[in-house]
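Novice: Sequence first, predicted model second:
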Amino acid sequence: MKGRDAALDGIRAVAALGVWLLHVGSNTGVMYRDGMLHWLMSRLGIAVPIFFLLSGLLLYRPWARAMIEDTPRPRPLGYLWRRVLRVMPVYWLVSALALWAWASYDWTGWLKWMLLAQNFFPADPTPDGLYQMWTLPIEMSFYVLLPVLGWALHRWARGGNRPVRLLAGIAVLPLISVVTVVVARLSGQPDLALLLPYHLAFFGCGMAMAVLSVWIGHSRVIDSLAPQLLVLAGLLYALLSTDLAGPRTLVLPTLGQSLWRLSLETAVAVLLVAPFALASRPGSLRNRVLGNPVASYLGRISYSFFLWHAPVITLQLKLTGAQPFQADFTSVAVISFIVTMLLSVGSYHLIEVSALKLSRHRSAPASPPAARAALPAAPAP
């Protein structure tokens, strides 16, 4: 797939709005009230598995294409350079402002955050306004690991049916997640959830989807079943919102609840993305809804929106003097959305677009035109 996919941008927009609504609900206490809607709100963290799956899908696809269609593989240094320019400039801006305003770190604390190493020091307190940033070290770990995974899968799949062997190799990644969840719960090490192995199931499903998208292209079966798949995703999300997947509070889930949550989040993310990644049809209702110009634009600025929304909510609560979990939901939602949107539009056009142009200019000599055209614009959560 060349260029951007408007519907996948729309999914990214929905996921970013889900994270924002989750944090509005948690900071105002609405999420912890009784009732179905409040339970459903508490599981909007499903946005993170969706982001991870999209990264696996879009970033691994050039490697899958190289293996299946014998096109040139991405050059690791050029690929990593693009990832750094995609993720770090706006992250540095937002994190630096929040650290300056609300943290009392010395230079070592600043260094950890500027290098996206904060997840490796879980004992350090998380500064106000940066509680959403735990996902980015996991994303960056996947970015760094992907060239190694691509090389290993390439070697593994050279003999026999290449797509089938690629899928078989990728199937190891969800198993690593399951083992990590078991170890985390049985050994009493919940901080393992801050590391990449815990989440490899989501990235792996995205990588498998990348293989299928190159191998079979448009799937008429998935196209015909798309409405049922999306409805099933909604039903499984409702199941995810029950006690089966663990408590809504910070109380640690049991091993069984953790495994159910991993399974249900994986299923919901796959069922939501598959109709668009494997059976994209611009004229369909689903593509018109998620691929319209407004949703697509919100998807393009979703990374900035993700970064800005938490410090904006934090600043709003501090300025109003709201007590924990007692702020007015409507006012927090409306004001934080407007301010975050304005900041996101500005940082997207002033910083993200400029960095994207720089990454294209810097990497242009390293890849032939055909390879560059095949590189999709991948998301960062």
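Specialist: Noted; the coordinates are in hand. Note that the coordinates shown come from a computational prediction; the quantities given were computed from them, not determined experimentally. Numbers count the residues shown, from 1 in each chain.
Novice: Now do the strands in the protein.
Specialist: For the chain, strands defined by DSSP state E do not occur.
Novice: so where's it shaky on pLDDT?
Specialist: Counting by pLDDT under 70, the ranges of the chain that qualify are 1-3, 361-381.
Novice: Against Gly299, how distant is the nearest residue to Pro293 once chain neighbours are set aside?
Specialist: Leaving aside its sequence neighbours, Pro293 sits nearest to Ala6 (C-beta to C-beta, 6 or more residues apart in numbering; 7.9 Å). No exception for glycine: its C-beta is placed from N, CA and C like everyone else's. Per C-beta to C-beta, to the nearest Å, Ala6 is found 8 Å from Gly299.
Novice: Compare neighbour counts for these two and give me the winner.
Specialist: Between Ala6 and Gly299, Gly299 has the larger neighbour count (other C-beta atoms under 10 Å), namely 28 against 21.
Novice: Tell me who's in contact with the more buried one.
Specialist: Applying C-beta atoms under 8 Å, 6 or more residues apart in numbering, one finds that Gly299 lies in contact with 6, 8-13, 16, 379.
Novice: Restricted to helices, list these.
Specialist: Among those, DSSP state H puts 6, 8-13, 16 in helices.
Novice: Going by neighbour count, which of the residues you listed comes out on top?
Specialist: The member of the ones in helices among the contacts of Gly299 that has the most neighbours, counting by other C-beta under 10 Å, is Arg12 with 29 neighbours.
Novice: That one is in contact with Phe305, isn't it?
Specialist: No. The pair Arg12 / Phe305 is not scored as a contact, 9.7 Å apart, by C-beta atoms under 8 Å.
Novice: Stretch 254-270: which residues count as buried?
Specialist: Buried positions in stretch 254-270, judged by neighbour count with 16 or more other C-beta atoms under 10 Å: 257-270.
Novice: same deal with stretch 170-189?
Specialist: 170, 173-174, 176-178, 180-181, 184-185.
Novice: Determine the set of other helices and strands touching the lengthiest helix in the chain.
Specialist: What stands out as the longest helix in the chain, according to DSSP H, is helix 76-102. The helices and strands touching helix 76-102, judged by 3 or more C-beta pairs under 8 Å, 6 or more residues apart in numbering; DSSP states H and E, are helix 107-114, helix 135-156, helix 302-320, helix 329-347, helix 353-363.
Novice: try 7 Å this time
Specialist: helix 107-114, helix 135-156, helix 302-320, helix 353-363 (3 or more C-beta pairs under 7 Å, 6 or more residues apart in numbering; DSSP states H and E).
Novice: Which one of those helices lies nearest to Pro125?
Specialist: helix 107-114 (9.5 Å; C-beta to C-beta).
Novice: picking that back up, I'd like the buried residues of stretch 170-189 written out as TSV, with distance to Asn287 added.
Specialist: Below are the buried residues of stretch 170-189 laid out as TSV (distance: C-beta to C-beta, whole Å):
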residue	distance to Asn287
Ile170	27
Leu173	29
Pro174	28
Ile176	34
Ser177	30
Val178	34
Thr180	36
Val181	35
Ala184	38
Arg185	40
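Novice: taking those one by one, which sit in helices?
Specialist: 170, 173-174, 176-178, 180-181, 184-185.
Novice: Which members of those residues are the farthest-apart pair?
Specialist: Ile170 and Arg185 (24.7 Å).
Novice: Can you tell me the number of residues neighbouring Asn27?
Specialist: 23.
Novice: tell me the contacts of it?
Specialist: Contacts of Asn27 were listed using C-beta atoms under 7 Å, 6 or more residues apart in numbering, and they are 313, 317, 327, 332.
Novice: So the second one sits against Asp328, correct?
Specialist: No. Because the distance of 10.5 Å does not satisfy C-beta atoms under 7 Å, Leu317 is recorded as not touching Asp328.
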